[in-house]
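Q: Turn this into a model:
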Amino acid sequence: MDFKKLVVSALKPALEGELDDATIDLLVETPKSSELGDYAFPTFSLAKILHRSPKMIAADLVSQIDATPFEQVKAVGGYVNFYLDKISFAHEVLQEIATEGQHYGDVKLGQGNVPIDMSSPNIAKPMSMGHLRSTVIGNALANILGKVGYTPIKINHLGDWGTQFGKLIVAYNKWGSEAAVKADPIKNLLNYYVKFHEMAEVDPSLEDEARAWFKRLEDGDEEAVKLWRWFRRVSLAEFNRIYKILGVDFDSYNGEAFYNDKMASVVKTLESKHLLKTSQGAEIVDLSKYNLNPALIKKSDGATLYMTRDLAAAIFRKNHYHFVQSLYVVGNEQREHFQQLKAVLLEMGYEWANDIHHIPFGLITANGKKLSTRRGNIILLEKVLQDAVGLAKKQIAEKHPELPNADVVAQEVGVGAVIFHDLKNERLDNFDFNLEEVVRFEGETGPYVQYTNARAHSILRKAKIAPAPEVALNDPAAWDILRALGDYPSIVVRAANEYEPSVIAKYALRLAKAFNKYYANFKVLVEDSELPARLAMVAATTQVLENALHLLGVAAPKEM
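A: Numbers count the residues shown, from 1 in each chain. Below you'll find the predicted structure:
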């Protein structure tokens, strides 16, 4: 049952002629403390319309509302506070969760394909903490959108083309060896790339050599193409090993190179629509009507750019996937690029450009400095995952040495800690990387939520009877848990509408805290008439915590 709708329905007759249903729904809020009710309707916006004080309006509304479906409805200051019928609420929610299981919270917000451009590391460079955000945010959004009816398509738009390959070929030919690359592909290719930039500062002619090699690659030179394919193959093998650790997979690995033969038609269309203009020898699309800088389509030497490639990719995805939305999970610093992309597509006559959404996110920094592969200032993602798993193993050995499958659980807890730490931060927030904070196992962390779930499973294992959601639960102390359980479907909708996985992570922490508070103060396994109902509440908590963790891409071990 949608209990918020119950509140809106109760208010509607009293507010007829003043506010419509949608506005009432928008105004109804959840108080910070359950002592102030479960829902509250503020009357301040009505004060100007009705020329009366909010306090008087609230009191008048209470006198007109049918309070039958509620425990009580009362006016407090300028608010009308609604207290739900706790026994009916508990019965409805526990029955629904027991019936729907992993499908609890499913809703049909929409349907159709939603390509999600995510992760997208550059070939021949290691996956760093800088790649984590796009990968785990994109994966969580895919899970969330699937939950609300869409068909997500995860695309790893690999950085497998560009002048950096000219640089890498020059560096490999000068300082590399086949044996070294085979022994440790990413590490050594990165070393060559960093060395190129160090040496190019002393000898700028290296940049000319790199451009010449990339031109050979573009022209299909056999040696250049052979090296490029090799660098791509060994890099992708390394990436997939780390993706497997993270539990992330993809539906497409079509990267930049895939669009090489698709850009000419984009340029041709722009020319046919008289959208290209020459500026300082370069070809641009004027976007002044959108208050944007010009979109650079071709450089003065005729080379195409990211914009040309992204236009080709957007058109291909529309034609191939017939998408209803297309998401780009890319850092906030690329905001203007995606504004330009949409504007150029609109100028080309593609109204579906309005279905493209840039999903920006903040930076992970190290000691306040931006991570940079070029300068070797990186934090390797695999090393972080290894350290997190190592810490999990250590804690398990200390606290639960006899735990079955300890290595598997340590992997799930350690990796889960890293993923959850990222996703509990709001997308646009920047945060400074601190290894100890990432792998912390107390406080507002993934392991805390996982342990809460394992603790609840432990209670169910110890119980001598089965949970019975049909038995009435009249336990005021459990109200915060029950209320959180009932909120889950609306939380999923909010996360989907806002493209914000942190909404799910924060919710999981809220439910875990409510359950742990109850567990710390009350015994669940007391053999009385309400034990089957309490067990149903425990079972519902495990189900919803697992559902929430699944949406985030975090495992939920049943024993820790």
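
Q: As a check, name the ranges of all helices in the stretch 301-450 of the chain.
A: In the stretch 301-450 of the chain, the helices defined using DSSP state H, counting those that start in this stretch lie at 306-321, 335-347, 381-399, 406-423, 435-438, 446-462.

Q: helices or strands up against the first one?
A: Yep, that's helix 306-321 we're talking about. Secondary-structure packing of helix 306-321 (3 or more C-beta pairs under 8 Å, 6 or more residues apart in numbering; DSSP states H and E): strand 113-117, helix 263-272, strand 295-298, strand 326-328, helix 335-347. The way it works is simple: take the backbone N, C-alpha and C, and place the C-beta from them, glycine included.

Q: Please apply the same query to the second one.
A: Counting contacts by 3+ C-beta pairs under 8 Å, 6+ apart, helix 335-347 is packed against strand 295-298, helix 306-321, strand 356-358.

Q: hmm, who's touching the last one?
A: What that stands for is strand 356-358. For strand 356-358, contacts defined as C-beta atoms under 8 Å, 6 or more residues apart in numbering pick out 314, 325-328, 330, 334-335, 338-339, 341-342, 345, 499.

Q: give me that answer again for 7 Å
A: For strand 356-358, the surrounding residues in contact (C-beta atoms under 7 Å, 6 or more residues apart in numbering) are Ala314, Gln325, Ser326, Leu327, Tyr328, Val330, Arg335, Phe338, Lys342.

Q: could you redo these as TSV and give each row distance to Gly486, neighbour count and pLDDT?
A: Shown next, in TSV, are the contacts of strand 356-358 (distance: C-beta to C-beta, whole Å; neighbours: other C-beta atoms under 10 Å; pLDDT from 0 to 100):
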residue	distance to Gly486	neighbour count	pLDDT
Ala314	40	25	98
Gln325	29	19	98
Ser326	34	23	98
Leu327	29	24	98
Tyr328	34	25	98
Val330	36	21	97
Arg335	37	12	97
Phe338	37	17	98
Lys342	38	19	98
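
Q: now the residues you listed as CSV including distance to Ala505?
A: Compiled in CSV, those are given as follows (distance: C-beta to C-beta, whole Å):
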residue, distance to Ala505
Ala314, 30
Gln325, 22
Ser326, 25
Leu327, 19
Tyr328, 22
Val330, 21
Arg335, 24
Phe338, 25
Lys342, 29
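
Q: Next, give me the two most distant ones among these.
A: Using C-beta to C-beta, the two most remote members of these are Gln325 and Arg335, lying 18.0 Å apart.

Q: picking up where we left off before, I'd like to know which of the helices and strands packed on helix 306-321 lies nearest to Gln386.
A: The closest of the helices and strands packed on helix 306-321 to Gln386 is strand 113-117. By C-beta to C-beta, the value is 27.4 Å.

Q: and the angle for the closest one with helix 306-321?
A: Strand 113-117 and helix 306-321 are oriented at 150 degrees to each other (axes from the mean of the first three to the mean of the last three C-alpha atoms, to 10 degrees).

Q: what helices or strands is strand 113-117 leaning on?
A: With contacts defined as 3 or more C-beta pairs under 7 Å, 6 or more residues apart in numbering; DSSP states H and E, the packing partners of strand 113-117 are helix 129-147, strand 151-155, helix 306-321, strand 326-328.

Q: would you put the C-alpha positions of stretch 198-208 in CSV?
A: Provided in CSV are the C-alpha atoms of stretch 198-208 (Å, rounded to 0.1, in the frame of the first residue of the first chain):
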residue,chain,number,x,y,z
GLU,A,198,58.9,13.0,-19.1
MET,A,199,61.2,12.7,-22.2
ALA,A,200,59.0,14.9,-24.4
GLU,A,201,59.4,17.8,-22.0
VAL,A,202,63.1,17.6,-22.8
ASP,A,203,62.8,16.6,-26.5
PRO,A,204,59.6,18.0,-28.0
SER,A,205,60.3,16.2,-31.3
LEU,A,206,59.0,13.1,-29.7
GLU,A,207,55.5,14.6,-30.0
ASP,A,208,56.0,14.9,-33.8
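
Q: what is the mean pLDDT for that stretch?
A: Averaging pLDDT along stretch 198-208 gives 95.

Q: Pull out the buried residues from that stretch.
A: Of all the residues in stretch 198-208, those buried under the rule 16 or more other C-beta atoms under 10 Å are Ala200, Leu206, Glu207.

Q: what does that stretch contact?
A: Val170, Phe196.

Q: How far off centre is it?
A: Relative to its chain's centre, stretch 198-208 lies at 40 Å (C-alpha atoms, centre = their mean, to the nearest Å).

Q: Likewise for stretch 539-555?
A: Worked out by C-alpha atoms, centre = their mean, stretch 539-555 lies 15 Å from the chain centre.

Q: Name the residues of it that come out as buried.
A: Buried positions in stretch 539-555, judged by neighbour count with 16+ other C-beta under 10 Å: 539-555.

Q: Fine, thanks again, bye for now.
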